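Visitor: based on what follows, work out the 3D shape:
(2 chains)
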There are 2 protein chains.
Amino acid sequence: MQTDLTKTLGIDLPIFAFSHCRDVVAAVTKAGGMGSLGAAWMTPEELEMSLDWIEQRVEGKPFSVDLVFPGTGGEDVEKTPEEYRKLIPKEHLNFVKNLLDEAGIADISDADRDAYLVEYARKMAMTHKKSREQLEIVLSRKSVNFIVGALGVTPEWVTKEAHSKGVKVGALVGNAKHAAKQRAAGVDVLVAQGTEAGGSVGNIASMVLWPQVVDAAEGIPVLAAGGVTRGSQILAALALGCQGVWMGSLWLGTAESDLSIEMREKLFAAVSEDARLSKAMTGKQGRMLYTKYVDAWHRPDSPKPLDWPMQSIMNGYPFKRAERGRNLDYWTYSVGQAVGDMNEHTTVKSEIERMLNEYVEAVDKLQSVTSY
Amino acid sequence: MQTDLTKTLGIDLPIFAFSHCRDVVAAVTKAGGMGSLGAAWMTPEELEMSLDWIEQRVEGKPFSVDLVFPGTGGEDVEKTPEEYRKLIPKEHLNFVKNLLDEAGIADISDADRDAYLVEYARKMAMTHKKSREQLEIVLSRKSVNFIVGALGVTPEWVTKEAHSKGVKVGALVGNAKHAAKQRAAGVDVLVAQGTEAGGSVGNIASMVLWPQVVDAAEGIPVLAAGGVTRGSQILAALALGCQGVWMGSLWLGTAESDLSIEMREKLFAAVSEDARLSKAMTGKQGRMLYTKYVDAWHRPDSPKPLDWPMQSIMNGYPFKRAERGRNLDYWTYSVGQAVGDMNEHTTVKSEIERMLNEYVEAVDKLQSVTSY
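Guide: Here you go, the predicted model:
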């Protein structure tokens, strides 16, 4: 199961786990794969604490951090969280207020609403300054030997600084054109993310996309993302020329996840068709659990979702209100079509063991079919 | 490369080719795969002629026919083509008339328009009577040992009559629930069609869908459809537990295809993102080349596409007018995301040779990665 990339990074299994949750990152890394901490929303203090926490648990094994480099879309003029909050149109706040009122969800005070909006702005508005601070923290850790960036072409200062510390740089891509651009920008690894993935995604499905990105990569390693929950899919990814899989959704159902039990159970009940594309969550196209809240943004008379990151910030109000009211129909979560294969509470360890067993079984079956 | 299914059907390669074009069906079958003639739109006379034509070329090799069994959606009350034509709302005909007028495409006479609409109604309106006639013709041929049905659960009379002649029955499915229903209805083979495929499709991508259908199939063979153009994808399909691939789009670019050269060249120029989901073509969700014509149906002020089969029939007017005016921006064609991998004029033989070479190469590479 070793590929050139697992050898380069010094890990045992070609399984990469994206998670916002440090426990998942630590558990996957300990099990022989590589966790990648989704750190874009973290303050410097949160990031330092999370890295400490992971390092104390992975017994010296290397792990990864996932950041957002705002590229050309990034803002050089710093706005305060309060300034972001004030930019949210009344129309959108009224729309979600009425929506949650009609659903009988108790409102929160204006002061609480504004506090949540400011909190979300602090987390979700990306600036070059924030990216630089985060990168500096990450690159100061010896245990991080791989960073991955999303949203736009990786800036030159990122690859330069990372390479100077011997850290490899990966980038998420959704089509062959972006893959070629990232390669030209000096990226070391491409994460080809099919449309079936959760979160920000393009439109090309994994089966078509992965080999297109392998072609465009011209030799640099490609990780396969989008739809993977099974050992047979790891084998398929290798058959398509990828050097490992990049998984996000599956970990949401593990004991190590910090997702609420109620939301987990909503995910377990969902079929793959329930993970749909929408701009309701961030303003960019993403795949998420299709709830009443998401649906409301698709009505002909609804306002157009705000541009990223304003929609993410605005959602601080309805999401926190729905959470307090314990009504998850007016919340949602980024998840891929993999959700149809997630049906029960598990652990990181048991999921990795299951996939390894399935992988071995798939290899055996394939051997009996192929000509070797 | 032999699977249980290729052995059952008596073919050499696990490559199944859906095509409306008898030349493609014959060429794939001759090359060791199995062509499947898309015959749903054919009159009894056309079907007989096509079957004769194929039989004269395949040297006794078995091939397949693809039919539509209208299932519960089928009409028992026969309408004449003229009656269908009269049911098309003026609103829709005016909408497309204005659209093509604005594009400067010469109009055709009312008599010609009505004649095309009647022709399309004759082809595209499915009834139980038409299905029965087609099935009878197909089952009278010794060389057809596999029929495949689309749209709804396969009726009992179909499986019963086919099985009495020793013919296997397949069914296209887009999720695990439909797979289980088809299996319960006595179908022998499931064709799991990912959303990246052309034509009528569901929303689940191949990477997620194929293994879900393999699970739901409980042992009956599954063919992998949606996105396949490469040998490495055939290997991936086998790794995911499928017993072969079902391909449609790729053949549109071959010399054997009867698609116009102009339209082929539009396909060659397209990237995978240009094959999009829309109801513009048939009234059911399908994937097709996204042209100005398709786009027009997605404007907020456009009429809602008619229900199937009325939208297909209505399209007889704009499509024939655009064809006569040689303006393919106001036409479209069913094609999958595979379109991004189709870049030049080829032949069936060269495409199959290419895929076999790629398959061998992919097997070799996979062997060096997997532990065997």
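Visitor: every contact and neighbour count from this point should use C-alpha atoms.
Guide: Fine.
Visitor: longest helix of chain A?
Guide: Using DSSP state H to define each element, chain A has its longest helix at helix A:348-369.
Visitor: tell me which other helices or strands it touches.
Guide: Contacts defined by 3 or more C-alpha pairs under 8 Å, 6 or more residues apart in numbering or on different chains; DSSP states H and E place helix A:348-369 against helix A:22-30, helix A:231-239, helix B:231-239.
Visitor: what's the local residue count around whichever residue of chain A sits closest to chain B?
Guide: Proximity to chain B, evaluated over chain A using C-alpha to the nearest C-alpha, is greatest for A:Ala236 at 4.3 Å. A:Ala236 has 30 neighbours, counted by other C-alpha atoms under 10 Å in any protein chain shown.
Visitor: pLDDT wise, what is it at?
Guide: A:Ala236 is assigned 98 on the pLDDT scale.
Visitor: report the contact partners of it.
Guide: Contacts for A:Ala236 (C-alpha atoms under 8 Å, 6 or more residues apart in numbering or on different chains) come out as B:235-237, B:239-240.
Visitor: let me see the domain layout of chain A.
Guide: As assigned by automatic domain parsing, chain A contains the domains A:4-75+A:126-254+A:351-369, A:81-124+A:260-330.
Visitor: out of those, deepest packed?
Guide: domain A:4-75+A:126-254+A:351-369 (a mean of 22; mean count of other C-alpha atoms under 10 Å in any protein chain shown).
Visitor: okay, how far is it across that one, tip to tip?
Guide: The separation between the terminal residues of domain A:4-75+A:126-254+A:351-369, taken as C-alpha to C-alpha, to the nearest Å, is 26 Å.
Visitor: chain center to it: distance?
Guide: From the chain centre to the centre of domain A:4-75+A:126-254+A:351-369 is a distance of 9 Å (C-alpha atoms, centre = their mean, to the nearest Å).
Visitor: next: stretch A:295-304.
Guide: 25 Å.
Visitor: strands of chain A, start to end?
Guide: Assignment of strands within chain A using DSSP state E yields the ranges A:15-19, A:34-38, A:63-68, A:144-150, A:168-173, A:189-193, A:199-200, A:222-225, A:245-247, A:275-278, A:286-289.
Visitor: what about the fifth one, average pLDDT?
Guide: Just to be clear, that refers to strand A:168-173. Mean pLDDT, computed over strand A:168-173, is 98.
Visitor: the longest one now?
Guide: pLDDT averaged over strand A:144-150 equals 94, rounded to a whole number.
Visitor: list the contacts for A:Lys61?
Guide: Shown in contact with A:Lys61 (C-alpha under 8 Å, 6+ apart): A:11, A:29-30, A:143.
Visitor: tell me where the stretch 101-250 of chain A has helices.
Guide: Here the stretch 101-250 of chain A has its helices, by DSSP state H, counting those that start in this stretch, at A:110-124, A:128-139, A:156-164, A:176-184, A:206-217, A:231-239.
Visitor: the second one vs strand A:63-68, what angle?
Guide: For the pair helix A:128-139 and strand A:63-68, the angle between their directions (axes from the mean of the first three to the mean of the last three C-alpha atoms, to 10 degrees) equals 180 degrees.
Visitor: tabulate the helices and strands packed on helix A:348-369 (JSON lines), appending distance to B:Thr80.
Guide: Shown next, in JSON lines, are these (distance: least, C-alpha to C-alpha, whole Å):
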{"stretch": "helix A:22-30", "distance to B:Thr80": "63"}
{"stretch": "helix A:231-239", "distance to B:Thr80": "49"}
{"stretch": "helix B:231-239", "distance to B:Thr80": "43"}
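Visitor: wait, doesn't A:Thr291 sit right on A:Tyr330?
Guide: Yes - using C-alpha atoms under 8 Å, A:Thr291 is in contact with A:Tyr330, at 6.7 Å.
Visitor: gap between A:Val15 and A:Leu67?
Guide: Check again: residue A:15 is Ile, not Val. Distance, A:Ile15 to A:Leu67, using C-alpha to C-alpha: 19 Å.
Visitor: go on, A:Phe268?
Guide: 28 Å.
Visitor: what do you get for A:Ser312?
Guide: When distance is defined by C-alpha to C-alpha, A:Ser312 is 17 Å away from A:Leu67.
Visitor: for A:Glu344, same thing?
Guide: A:Glu344 is 30 Å from A:Leu67, by C-alpha to C-alpha.
Visitor: got it, and A:Gln212?
Guide: For A:Gln212 relative to A:Leu67 (C-alpha to C-alpha), the value is 25 Å.
Visitor: okay, A:Ser206: pLDDT?
Guide: Looking at A:Ser206, its pLDDT reads 98.
Visitor: go ahead and confirm it touches B:Met207.
Guide: Yes - applying C-alpha under 8 Å, one finds A:Ser206 in contact with B:Met207, separated by 6.4 Å.
Visitor: so what's in contact with these two at the same time?
Guide: Common contacts of A:Ser206 and B:Met207 (C-alpha under 8 Å, 6+ apart): A:Gly227.
Visitor: residue ranges with poor pLDDT in chain A?
Guide: A:71-77, A:371-372 (pLDDT under 70).
Visitor: try it again with 90
Guide: Where chain A drops to pLDDT under 90, the residues are A:1, A:68-79, A:124-131, A:150-154, A:368-372.
Visitor: what does it have sitting close to chain B?
Guide: In this structure, chain A approaches chain B at residues A:1-3, A:195-196, A:203-208, A:212, A:227-228, A:232-233, A:235-241, A:272-273, A:337-338, A:341, A:362-363, A:365-366, A:369-371, judged by C-alpha under 8 Å from any C-alpha of the partner chain.
Visitor: 7 Å instead?
Guide: The interface of chain A toward chain B, taken as C-alpha under 7 Å from any C-alpha of the partner chain, is made up of A:1-3, A:196, A:203-208, A:227, A:232-233, A:235-236, A:238-240, A:272-273, A:337-338, A:362, A:366, A:369-371.
Visitor: distance-wise, check the spatially closest residue to A:Gly336 that is not a sequence neighbour relative to A:Leu277.
Guide: Among residues not flanking A:Gly336 along the chain, A:Gly198 sits closest, at 3.7 Å (C-alpha to C-alpha, 6 or more residues apart in numbering or on different chains). Distance from A:Gly198 to A:Leu277, counting by C-alpha to C-alpha: 9 Å.
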